[in-house]
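Peer 1: okay, here's the prediction I keep looking at, along with the sequence it came from:
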Amino acid sequence: MIRLNNLYWKYKHFTLEIDELTLQPGITILVGNNGSGKSTLLHLLATATRAPRGTIYYHDDTMDTDLPLVRSKIGFVPTGVELYPDFTPVKLLMYMAQLKGLGKDFSIRQIEELLRVFHLEDVKKEKIKKLSQGMQQRLALAQAFLGKPSYIFLDEPLNFLDIHERKSLLNYVAKLAPHCVIIVATHELNEWGPVCNRVLWMYQGRVIYSGSKLMWKQHLPLKVWTGELQDHLYENFSSQHLIVYAGRVKDKLSIRCASNIKPVFGFVEAQPTMEDAFFIRKYTKEAKER
Ligand SMILES: Nc1ncnc2c1ncn2[C@@H]1O[C@H](COP(=O)(O)OP(=O)(O)OP(=O)(O)O)[C@@H](O)[C@H]1O
């Protein structure tokens, strides 16, 4: 378990402030607009950034009581991470294992396993600069799981991954979830929906929702509706209802929208997805503030 207490961090016009927050074992997705503070929070949790005020407790330890111990239990993948281009995946993983203070035999066994899990066996002796972006992302992910960390922080981990690799990562992370605190900053709410346990919503540097994924999709102030619409009706329709999605099916528009009443004849109510809930919560919050 991780506990945040009176955390405060400021950079120019951006302030992150969290009074009290507990992060439980399982997968928590960290959601929010661009610039809401998700990456900043992950950097603070991963001890890559030090907050001028407040404390993060990793069980009973903090950065100040035993930083090496805390770091040895953390796996972190930031966005845009640059790996040593002239290293091979094996050399990089061995180097990272050494930095984490892992024994040689254990490291060799774990590296073999991670190369298999992240489908990097065929390129394990290639220079990193020759690998595709997706392969480099998988290598960045693999290093985070070295040493079986108790706390895993992933910033947009699905970036650059193809559909097969995305599913594989989701399954792998889901298997680890009962034993680790896993925080995933993501804009892909629906992809994480089936495997995540909780949602943390950041808004302008504050956490404004922290709870289960079931609660996230329940008690929404608007219902979700789907239906089809003629093109010429769209402008008026979209001024009255929150459009979540509009696509084309033959000569009509296929609409997914949110509204507290049935929008027009023929529309049917749908179960809200994780993303629908985000749209609705954000829209109603901002409408209240206007
Ligand atoms: N090192 C830095 N230099 C400049 N600005 C920074 C830095 N770190 C954070 N910020 C600012 O802090 C705010 C929060 O950024 P952060 O990257 O945490 O948001 P985010 O929620 O992860 O956004 P996104 O969804 O776009 O990844 C932004 O306004 C950003 O410009």
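Peer 2: Good, I have the coordinates. Numbers count the residues shown, from 1 in each chain.
Peer 1: residue 144: what's it in contact with?
Peer 2: Residues in contact with residue 144 (CB atoms under 8 Å, 6 or more residues apart in numbering) are 75-77, 152, 154. For glycine as for every other residue, the C-beta is placed from the backbone atoms N, C-alpha and C.
Peer 1: for it, which non-adjacent residue is spatially closest?
Peer 2: Using CB to CB, 6 or more residues apart in numbering and skipping the chain neighbours, the partner closest in space to residue 144 is residue 75 (3.6 Å).
Peer 1: pull the number of nearby residues for the one you found.
Peer 2: 23 (other CB atoms under 10 Å).
Peer 1: next, give phi and psi for it.
Peer 2: Dihedral pair for residue 75: phi -120, psi 130, per degrees, to the nearest 10.
Peer 1: now swap in the one 5 residues further on and tell me
Peer 2: Backbone torsions for residue 80, taken as degrees, to the nearest 10, come to phi 60, psi 30.
Peer 1: just the strands in the stretch 51-200 of the chain please.
Peer 2: Using DSSP state E, counting those that start in this stretch, the strands of the stretch 51-200 of the chain run over residues 53-58, 74-77, 151-155, 181-185, 198-203.
Peer 1: quick one: stretch 66-77 near the ligand?
Peer 2: No: on the criterion CB under 6 Å from any ligand atom, stretch 66-77 is out of touch with the ligand, staying 13.4 Å away.
Peer 1: straight-line length of that stretch, end to end?
Peer 2: Using CA to CA, to the nearest Å, one end of stretch 66-77 lies 22 Å from the other.
Peer 1: on that earlier part again, could you measure from the residue nearest to residue 144 over to residue 186?
Peer 2: From residue 75 across to residue 186, the span is 16 Å (CB to CB, to the nearest Å).
Peer 1: about what we covered before: and the strands of the stretch 51-200 of the chain as TSV, adding mean pLDDT?
Peer 2: Shown next, in TSV, are the strands of the stretch 51-200 of the chain (pLDDT from 0 to 100):
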stretch	mean pLDDT
strand 53-58	96
strand 74-77	96
strand 151-155	98
strand 181-185	98
strand 198-203	98
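Peer 1: kindly tell me how buried residue 20 is, as a neighbour count.
Peer 2: Using other CB under 10 Å: residue 20 sits among 11 other residues.
Peer 1: and the angle from the helix or strand hosting it to strand 151-155?
Peer 2: Taking DSSP states H and E as the definition, residue 20 sits inside strand 14-23. If you take axes from the mean of the first three to the mean of the last three CA atoms, to 10 degrees, strand 14-23 sits at 140 degrees to strand 151-155.
Peer 1: and residue 189, how far from the ligand?
Peer 2: In this view, residue 189 and the ligand are 13 Å apart by CB to the nearest ligand atom, to the nearest Å.
Peer 1: state the distance from the nearest residue to that residue once chain neighbours are set aside to the ligand.
Peer 2: Closest residue to residue 189 apart from its sequence neighbours, by CB to CB, 6+ apart: residue 274 at 3.8 Å. In this view, residue 274 and the ligand are 16 Å apart by CB to the nearest ligand atom.
Peer 1: same question, residue 237
Peer 2: 30 Å.
Peer 1: contact partners for that residue?
Peer 2: Per CB under 8 Å, 6+ apart, neighbours of residue 237: 229, 255, 257, 263-264.
Peer 1: buried only: go through those residues for me.
Peer 2: Among those, those buried by neighbour count (16 or more other CB atoms under 10 Å) are 229, 255, 257, 263.
Peer 1: let me have those residues in JSON lines, extended by pLDDT and distance to the ligand.
Peer 2: Shown next, in JSON lines, are these (pLDDT from 0 to 100; distance: CB to the nearest ligand atom, whole Å):
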{"residue": "229", "pLDDT": "92", "distance to the ligand": "31"}
{"residue": "255", "pLDDT": "95", "distance to the ligand": "27"}
{"residue": "257", "pLDDT": "95", "distance to the ligand": "25"}
{"residue": "263", "pLDDT": "89", "distance to the ligand": "30"}
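Peer 1: okay if I get those residues as a markdown table plus secondary structure?
Peer 2: Output for the buried ones among the contacts of residue 237, formatted as a markdown table (DSSP: H, G, I helix; E, B strand; the rest coil):
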| residue | secondary structure |
| --- | --- |
| 229 | strand |
| 255 | strand |
| 257 | strand |
| 263 | coil |
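Peer 1: which one among those gets closest to residue 96?
Peer 2: Nearest to residue 96, judged by CB to CB, of the buried ones among the contacts of residue 237 is residue 257 at 47.1 Å.
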